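> can you look at this prediction? I've put the sequence above it.
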Amino acid sequence: MQRKICHIGNSQGVSIPKEMLEKLHLSIGAEVDVELDNEGQRIIIVPRVKESSYKGIDKEFACQVNDFIEEYRPALKKLAE
């Protein structure tokens, strides 16, 4: 899939298609590692998976819960008040 480099504030970046983000369970605010391959010819973006402090919890489920919390954080804060 071809993309163009665009301005993002004072930086430059590439947008990631929604379908890819959904497949990787990523949303706004998710952390990723950005690196070059060994030959320095490709950019690799790898999602950072926060290690769950609860043993036995499925990582995919933990990511989904984290995404839900990030998406609905304002509403959850209001409910907590």
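Structure's in. What do you need?
> kindly provide the distance from F68 to E60.
The gap separating F68 from E60 is 13 Å, by CB to CB, to the nearest Å. The way it works is simple: take the backbone N, C-alpha and C, and place the C-beta from them, glycine included.
> per-residue pLDDT of the residue nearest to G13 when sequence neighbours are not counted, please?
Ranked by CB to CB, 6 or more residues apart in numbering and with sequence neighbours excluded, the top spatial neighbour of G13 is C6, at 6.5 Å. What the model reports for C6 is a pLDDT of 95.
> how many neighbours does C6 have?
When neighbours are defined as other CB atoms under 10 Å, C6 has 10 of them.
> what separation do you get for it and Q12?
Relative to Q12, and taking CB to CB, C6 is found at 7 Å.
> OK, contacts around Q64?
If you count contacts by CB atoms under 8 Å, 6 or more residues apart in numbering, Q64 has them with H25.
> the bottom helix or strand of this structure by mean pLDDT?
helix 59-71 (a mean of 82; mean pLDDT, DSSP states H and E).
> helix or strand next in line after it, which one?
helix 73-80 (DSSP states H and E).
> could you give the angle of that following helix to helix 59-71?
With axes from the mean of the first three to the mean of the last three CA atoms, to 10 degrees defining the directions, helix 73-80 sits at 80 degrees from helix 59-71.
> so what touches helix 73-80?
Applying CB under 8 Å, 6+ apart, the external contacts of helix 73-80 come out as I69.
> quick check, pLDDT for S53.
We note a pLDDT of 54 for S53 in this prediction.
> can you start the count at 58 instead of 1 from here on
Sure, I'll start numbering at 58, so the last one becomes S110.
> what strand or helix carries E76?
In the assignment (DSSP H and E), E76 maps to helix 75-80.
> pairing partners for the very next helix or strand once past that helix, with directions?
Elements were assigned by DSSP H and E; along the chain past helix 75-80, the next helix or strand is strand 89-93. Sheet pairing of strand 89-93 (DSSP bridges) gives strand 100-104 (antiparallel).
> so who does K61 touch?
Taking CB under 8 Å, 6+ apart as the definition of contact, the neighbours of K61 are V71.
> that one belongs to a helix, doesn't it?
No - checked against DSSP: H, G, I helix; E, B strand; the rest coil, K61 lies outside a helix; its state is coil.
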